[in-house]
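S.K.: Mind looking at a prediction? Sequence and model below.
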Amino acid sequence: MNKRRPYVRPMDGWWRKNPFFVEYMVHEGTALFVAAYAAILLTGLVRLSQGEAAWNAWLSALKNPWYVGFHLLALAAIAYHTYTWFKIMPRTMPPVVVGGQRLPAWAITGSGLAVAAAASAALLGLVWGLVR
Amino acid sequence: MKQRTLKRSNAPIFWALFGAGGMLSALFGPMLVFITGIAVPLAVVLPADTMSYPHMLAFAQNIIGKGFIFAIIALFLWHAAHRIFHSLHDIGIHAGTGAKLLCYGLAMLGTLIAAYALLAIGF
Amino acid sequence: MSEKQKIIEIEVLRYHPEKDKEPHKQVFEVPFTDDMSVLQGVQYIKDYLDGSLSFRWSCRMAICGSCGMMINGEPSLSCQTFLRDYYPARVRVEALSHFPIERDLVINMEGFIEKLESIQPYIIPRETRTLAQGEYLQTPEQLDAYEQFSSCINCLLCYAACPQFGLNSNFIGPAATALLHRYNVDSRDGGKSQRMELINSEEGVFNCTAVGYCSEVCPKHVDPANAVNQNKTNSAADYFLRFLTPKGGAK
């Protein structure tokens, strides 16, 4: 008779057992805020298609402190998503060779964050320019 | 060596949408939330009429504006759906096809509603 | 050595397949010196405290890849992890996560060996050359494309770091994908389309959710996460462009 009886350990709660995994679950969790924010925008778009009164009702609903509170949380969560998105990027993209040297991880993450900052500034500037 | 039959995964479709939405939300997400959720409702930083009906209607009727709105809403939804689907698997809810249909189905529904509303707004 | 002998507690997850229903903890008090690795601590237990303790080891210098263990919950080579870094606290030692425990700290790695075979880890020549034609030449740039991925010592720390492998052991996983990538990007190799079939499959790279811990724990800086994620891009390109290419992409 075979005396072997390999024991398979359960995976329950694996994400709580290592700080690295806790952080992973937190940055995966930012998706909940992305989904909720997209749902709010989608509602706004539908209200916009229904005419001025419907649009203004949606717009004034956003002044509700609960909504403002949610958007503050969403801002923090999605900004964290931005940070983690570019932080993992050196691991997810093919190596970038500049002048015969591989771009170090910090340079890739830094460039990504710089582009995000520039995109944010451009978006704000564009909105400002369009409505002024 | 064991002979196995390998089934091609359809994940590239969802992965590509996830990646596109992830990049878009990383680049523009925080500022968009700030503009639509904080600056405009509280009338700080930006003029009070930034998102007035005439402004937003003109934006949604413009072809570039339409494209931007559609990309933001649809890709944010697909990004989130993909992550949430995987997170369900991560926390031990291996609902398989059911979870897949729910996550990606909602993203698809949102995409269709956004497309319909943008067409209804006209050009 | 006038100082008092230091003693550290080592908690080992024991499992004896013939006696135990499930693993249990056992604590040993081990006298140690500052130059002692966790592996040496475990060897002390086997030599002086309990000869039945089972574990794998060989080179003691982070080359052979045999002595991987979970040390305080982190996948580590026990030969290059030192007891002094845990003292005076207790150090917890357990078999590598996500693998079946054969006995004590020994895991069952049959699944990995099968994966290793399935990636065809050898050069499938792009062009056949006769001996008279001489060797295959390669530039330093061509070497650089795969060199880091060839440093893998099959220690399996990356699998113990990968929750997606833990949740689905069919996933080809970090090390096997890194080695697969090593051959795919070798300028002498022409076997990429054969190997892509595995990458593209439901057992392939899309099981990965870019946790990235595999690359953190790798003792040889192979960066398996990079190999896996580069192949998501390769696989997606193959998926979408296969209708455009005359060969129709990988099967």
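M.R.: Nice, I can see it.
S.K.: going forward, measure contacts between C-alpha atoms and count neighbours the same way
M.R.: Will do.
S.K.: A:I88 is in contact with C:G212, isn't it?
M.R.: Yes - with contact defined as C-alpha atoms under 8 Å, A:I88 and C:G212 form a contacting pair (7.4 Å).
S.K.: These two: who's more crowded?
M.R.: More crowded of A:I88 and C:G212, by other C-alpha atoms under 10 Å in any protein chain shown: C:G212, with 24 against 18.
S.K.: count of residues packed around C:S58?
M.R.: If you count neighbours by other C-alpha under 10 Å, C:S58 ends up with 12.
S.K.: ok, now C:Y48?
M.R.: Applying other C-alpha under 10 Å, we find 9 other residues in the vicinity of C:Y48.
S.K.: and the gap between it and chain A?
M.R.: As for C:Y48, its distance to chain A is 26 Å (criterion: C-alpha to the nearest C-alpha, to the nearest Å).
S.K.: Which parts of chain B are helices?
M.R.: Along chain B, the stretches classed as helices by DSSP state H are B:11-33, B:40-42, B:53-61, B:63-90, B:97-121.
S.K.: Generate CSV for the ones you listed, with mean pLDDT, mean neighbour count and distance to chain A as supplementary columns.
M.R.: What follows is those, written out as CSV (pLDDT from 0 to 100; neighbours: other C-alpha atoms under 10 Å in any protein chain shown; distance: least, C-alpha to the nearest C-alpha, whole Å):
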stretch, mean pLDDT, mean neighbour count, distance to chain A
helix B:11-33, 96, 21, 4
helix B:40-42, 95, 20, 5
helix B:53-61, 95, 17, 6
helix B:63-90, 95, 21, 5
helix B:97-121, 93, 17, 5
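S.K.: Reformat those helices as CSV; add distance to A:R132.
M.R.: Putting the helices of chain B into CSV (distance: least, C-alpha to C-alpha, whole Å) gives the following:
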stretch, distance to A:R132
helix B:11-33, 18
helix B:40-42, 14
helix B:53-61, 11
helix B:63-90, 17
helix B:97-121, 24
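S.K.: so which of these gets nearest chain C?
M.R.: Using C-alpha to the nearest C-alpha as the criterion, the shortest distance between chain C and the helices of chain B is 5.0 Å, found for helix B:11-33.
S.K.: What are the contacting residues of that closest one?
M.R.: The contact list for helix B:11-33 (C-alpha atoms under 8 Å, 6 or more residues apart in numbering or on different chains) reads A:34, A:37, A:71, A:74-76, A:78-79, A:81-83, A:85, A:115-117, A:119-120, A:123-124, B:72, B:75-80, B:82-83, C:206, C:232, C:235-236, C:239.
S.K.: still on that earlier bit, ok, which of the helices of chain B comes nearest A:G29?
M.R.: Shortest distance between A:G29 and these, using C-alpha to C-alpha, is found for helix B:63-90: 7.7 Å.
S.K.: ok now do A:P6, which residues does it touch?
M.R.: Neighbours of A:P6 in contact, by C-alpha under 8 Å, 6+ apart: C:P17, C:P100, C:I101, C:E102, C:R103, C:N108.
S.K.: Out of these, who's the most crowded?
M.R.: Within the contacts of A:P6, C:I101 tops the neighbour count with 26 neighbours, counted by other C-alpha under 10 Å.
S.K.: residue contacts, the closest residue to that one other than its chain neighbours?
M.R.: Closest residue in space to C:I101, ignoring its immediate chain neighbours: C:I107 at 4.5 Å, by C-alpha to C-alpha, 6 or more residues apart in numbering or on different chains. If you count contacts by C-alpha under 8 Å, 6+ apart, C:I107 has them with C:A95, C:L96, C:F99, C:P100, C:I101.
S.K.: Can I get those in CSV including distance to B:W15, pLDDT and secondary structure?
M.R.: What follows is the contacts of C:I107, written out as CSV (distance: C-alpha to C-alpha, whole Å; pLDDT from 0 to 100; DSSP: H, G, I helix; E, B strand; the rest coil):
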residue, distance to B:W15, pLDDT, secondary structure
C:A95, 34, 97, coil
C:L96, 30, 97, coil
C:F99, 28, 97, coil
C:P100, 31, 97, coil
C:I101, 34, 97, strand
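S.K.: sorry, back to before: in PyMOL, how would I select just the buried ones from the contacts of helix B:11-33?
M.R.: Applied in PyMOL, the following selects the buried portion of those according to 16 or more other C-alpha atoms under 10 Å in any protein chain shown:
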select buried, (chain A and resi 34+37+71+74+75+76+78+79+81+82+83+85+116+117+119+120+123+124) or (chain B and resi 72+75+76+77+78+79+80+82+83) or (chain C and resi 206+232+235+236+239)
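S.K.: for chain C, what are the nearby residues on chain A?
M.R.: Residues of chain A found near chain C, taking C-alpha under 8 Å from any C-alpha of the partner chain as the criterion, are A:3-9, A:11, A:14, A:17-18, A:20-21, A:24, A:88, A:90-94.
S.K.: which among these end up buried?
M.R.: Once neighbours are counted (16+ other C-alpha under 10 Å), the buried part of the residues of chain A next to chain C comes down to A:P6, A:Y7, A:V8, A:W14, A:F21, A:Y24, A:I88, A:P90, A:R91, A:T92, A:M93.
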